[in-house]
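Asker: with the input below, show me the fold.
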Amino acid sequence: MSFGRLFESFRGYRRDWLAGDALAGLMLAALALPSQLATARLAGMPPETGLIAFAAAALAFAVFGGNRFVSVGADSTIAPIFAASLGALALGDGVLYAKLAGTLAMMVGVILVLTALLRAGWMADLLSFPVVVGFLAGIAVHIVVGQLPGLLGVSVADGHVLARLGAALERVPQANPYTVLVGGAVLIVALGGHWLSPRVPGALVGLALAAAAAWQFGLQARGVAMLGTLSLGFPPLSLPSVDPNDLLRLLPLSITVALVCMMQTAAVVRSYPSDPDMPDNVSRDFSGVGVGNLLAAVAGAFPVDASPPNTATVAETGGRSQMAPLLAAAAVVLLAAFAGSAGAWVPTAALDAVLVYIAIRIFRLGDMIRIARKARGEILLLAASAALVVVLPIDQGVGLAILLSLLHSVYLMARPACASLVRLPGTTIWWPPARDVDGETVPGVLVFAPAAPLTFVNAEYVRQQLDRALSERSDVRLLVIEASSVALIDYTATQILIQTITRLRRQKIDVALARLGAKSGAAAAIREGLLSTLGEDHVLHSVEEAVHKFGPA
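Answerer: Predicted coordinates:
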């Protein structure tokens, strides 16, 4: 993040890129205007703060980010996560709520910037894809249920999401038909525009049509709630006043929101890399999103995140650099500043419909079907993550879903696949047995392959699997450990291996090690005494070499 590396996406900028960036910027503005207004309401903030957040985030990422296409702003993934928690802390005090939102944005920004400075972009990989799809589905449920009263034109008391759903359904007979018509029409137009082409700004078209209908037919007099005039001016820049007690209360929430930002930013960057032939520096892009949060806090807004649909718009409509998000931010702010009075004719049900449209987009049904077909066990992870987010308070549910992902990754490391290999007939290739593999064994020889680094987490389990494989063969006189997947052997695993080798040799079973190619694994084997226990002549380049050299005659 040195000064010499600012404006990374503009390096090599050419004049002929400007036309593409201008078109992408206009398309992004058309998508962002309704979504940012709607997401601000979802976040519990005044609608215009969504536009401020979008402008602040665009400027910060253009300066500090690296990816050419990423668009950052108010995001419907993280807004529901923090809105409920901040509401519980503010207890209806709007001034306190805004202060807490700014403090949270500052804390999230600090976490992301520190993560970038430590080059810890790998942290985003700790969240498994099924868990991410699951908690996004849960968030989509919260969004839809939260907007249902607005789409019906009825009021529902705050409470658990399922209780609010039941209360909203009970009030369907009392729904305002004009409000329902407006919301339904905007939702249909938004979905239809997306179906026709990502370049069709269906949400903006629906919003404009709703405003025109409200003006032409006097819908406000028919009980349809309106957004109201947008009071967008240059925001006073100041750090949110920080109370140490607020920092402590917001710390768990800030970590959860920051982790979701990391996950989503990494996913967006990898989906739309600046150069298809070279991976982006995800840590640098964390810094762009982090500074975006800091600037949003200073401008009186709330946490921001990288946006998948907005980024897709930039990439798919000819954008070549961060000039496109900057132009979009300028267009949105100017439009709101000079046409803010038009907000008096925008039905709030139209914004609720835009949020439902966004919720449908993040409810990844196609991914769920693919996971169910190809990884049946992991569909349970997805369902558990979704259930946690729906049943529990949303911030706790997302936090536990993230913990579930971490526990799942630990379980996979603690219980790695272990196989007794067979030799493909007529070859020297040793392979895990399978239905379509016609393999053979060598009398008196067991070839055992642990498919993971050996550490304190899994060493005892691997030993148990080895003993089980040996118990299934009474003729074994040579054990060959095929170690091509063993990139690391820690001290605990080394000691367990030494004990196992010593025990087996007392039982007249020789032990050899084949294909330990990883430098770290080989270095640990030498340093911690494993090679001296085996004997240097028992460490070989291939399984076949070990079988010929030490196998029964």
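Asker: now residue 300, what's its secondary structure?
Answerer: coil (DSSP: H, G, I helix; E, B strand; the rest coil).
Asker: and for it, the neighbour number?
Answerer: 23 (other Cβ atoms under 10 Å). The way it works is simple: take the backbone N, C-alpha and C, and place the C-beta from them, glycine included.
Asker: equivalent analysis for residue 39, please.
Answerer: 32.
Asker: where does pLDDT dip in the stretch 301-450 of the chain?
Answerer: Within the stretch 301-450 of the chain, the set of residues satisfying pLDDT under 70 is empty.
Asker: mind listing the helices for it?
Answerer: Listed in chain order, the helices of the stretch 301-450 of the chain (DSSP state H, counting those that start in this stretch) span residues 308-316, 323-338, 348-362, 365-374, 378-391, 394-414.
Asker: for stretch 367-383, buried residues please.
Answerer: For stretch 367-383, burial by neighbour count (16 or more other Cβ atoms under 10 Å) applies to 367, 368, 371, 378, 379, 381, 382.
Asker: right, I mislabeled it, should have said stretch 101-117
Answerer: Those would be 101-113, 115-116, for stretch 101-117 by 16+ other Cβ under 10 Å.
Asker: equivalent analysis for stretch 201-212, please.
Answerer: 201, 202, 203, 204, 205, 206, 207, 208, 210, 211.
Asker: what does stretch 292-305 give?
Answerer: Within stretch 292-305, the residues scored as buried using 16+ other Cβ under 10 Å are 292-305.
Asker: now do the same end-to-end measure for that stretch.
Answerer: Terminal residues of stretch 292-305 lie 8 Å apart, using Cα to Cα, to the nearest Å.
Asker: where are the low-confidence patches of this protein?
Answerer: Looking at the chain by pLDDT under 70, you get 1-4, 232-235, 518-522, 524, 553.
Asker: can you check which helix is longest in it?
Answerer: Longest helix of the chain, by residue count under DSSP state H: helix 244-271.
Asker: now the angle from it to helix 308-316?
Answerer: Counting by axes from the mean of the first three to the mean of the last three Cα atoms, to 10 degrees, helix 244-271 lies at 40 degrees to helix 308-316.
Asker: okay, stretch 78-85 in PDB with CA atoms only?
Answerer: Coordinates of each C-alpha in stretch 78-85 appear next as PDB, following Å, rounded to 0.1, in the frame of the first residue of the first chain:
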ATOM      1  CA  ILE A  78     -23.900  -7.500   5.000                       C
ATOM      2  CA  ALA A  79     -26.700  -4.900   5.600                       C
ATOM      3  CA  PRO A  80     -29.100  -7.400   7.300                       C
ATOM      4  CA  ILE A  81     -26.300  -8.900   9.400                       C
ATOM      5  CA  PHE A  82     -25.500  -5.600  11.200                       C
ATOM      6  CA  ALA A  83     -28.900  -3.900  11.000                       C
ATOM      7  CA  ALA A  84     -30.600  -6.100  13.600                       C
ATOM      8  CA  SER A  85     -27.700  -5.900  16.000                       C
END
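Asker: contacts for it?
Answerer: Contacts to stretch 78-85, defined as Cβ atoms under 8 Å, 6 or more residues apart in numbering, come from residues 39, 42-44, 101, 104, 139, 142-143, 146, 253, 256-257, 260-261, 302-303, 305, 393-395, 398.
Asker: residue 135 is in contact with residue 384, isn't it?
Answerer: No - contact criterion Cβ atoms under 8 Å: residue 135 and residue 384 do not qualify, at 9.8 Å.
Asker: what sits in contact with each of the two?
Answerer: Joint contacts of residue 135 and residue 384 (Cβ under 8 Å, 6+ apart) are residue 401.
Asker: who has more neighbours, these two?
Answerer: Counting neighbours by other Cβ under 10 Å for residue 135 and for residue 384 shows that residue 135 has the greater number, 31 against 18.
Asker: can you tell me the element the more buried one falls in?
Answerer: Element membership of residue 135, judged by DSSP states H and E, is helix 129-152.
Asker: sorry, back to before: just the buried residues of stretch 201-212 now: which is nearest residue 405?
Answerer: residue 203 (31.3 Å; Cβ to Cβ).
Asker: isn't residue 470 up against residue 478?
Answerer: No - between residue 470 and residue 478 there is no contact under Cβ under 8 Å: 11.4 Å.
Asker: list the residues that contact both of these two?
Answerer: What both residue 470 and residue 478 touch, as defined by Cβ under 8 Å, 6+ apart, is the set 446, 509.
Asker: who are the neighbours in contact with residue 203?
Answerer: With Cβ under 8 Å, 6+ apart, residue 203 has these contacts: 31, 34, 35, 186, 189, 190, 193, 354, 357.
Asker: send me the helix or strand containing it as CSV with only the CA atoms.
Answerer: Taking DSSP H and E as the definition, residue 203 sits inside helix 202-217. Output in CSV follows, covering the C-alpha atoms of helix 202-217 (Å, rounded to 0.1, in the frame of the first residue of the first chain):
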residue,chain,number,x,y,z
GLY,A,202,-34.9,-3.4,-14.9
ALA,A,203,-34.8,-2.2,-11.3
LEU,A,204,-34.3,1.4,-12.4
VAL,A,205,-36.9,1.2,-15.1
GLY,A,206,-39.4,-0.3,-12.6
LEU,A,207,-38.5,2.5,-10.1
ALA,A,208,-39.1,5.2,-12.7
LEU,A,209,-42.4,3.7,-13.8
ALA,A,210,-43.5,3.4,-10.2
ALA,A,211,-42.7,7.1,-9.6
ALA,A,212,-44.5,8.1,-12.8
ALA,A,213,-47.6,6.1,-11.7
ALA,A,214,-47.5,7.6,-8.2
TRP,A,215,-47.4,11.1,-9.7
GLN,A,216,-50.0,10.5,-12.4
PHE,A,217,-52.5,8.6,-10.3
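Asker: from the chain's centroid, how far away is that helix?
Answerer: Relative to the chain's own centre, helix 202-217 is displaced by 33 Å; criterion: Cα atoms, centre = their mean, to the nearest Å.
Asker: and the angle for it with helix 308-316?
Answerer: Using the same axes, to 10 degrees, the inter-axis angle of helix 202-217 relative to helix 308-316 is 110 degrees.
Asker: could you identify the helix or strand that succeeds the helix holding residue 135?
Answerer: That would be, after helix 129-152 and using DSSP H and E, helix 161-170.
Asker: following that following helix, which helix or strand shows up next?
Answerer: Sequence-wise, the next helix or strand downstream of helix 161-170 (DSSP H and E) is helix 177-196.
Asker: before we move on, back to that, now the helix holding residue 135, how far from the centre of its chain.
Answerer: 15 Å.
Asker: kindly indicate whether residue 240 is helix, strand or coil.
Answerer: Of the three states, residue 240 takes coil under three-state DSSP.
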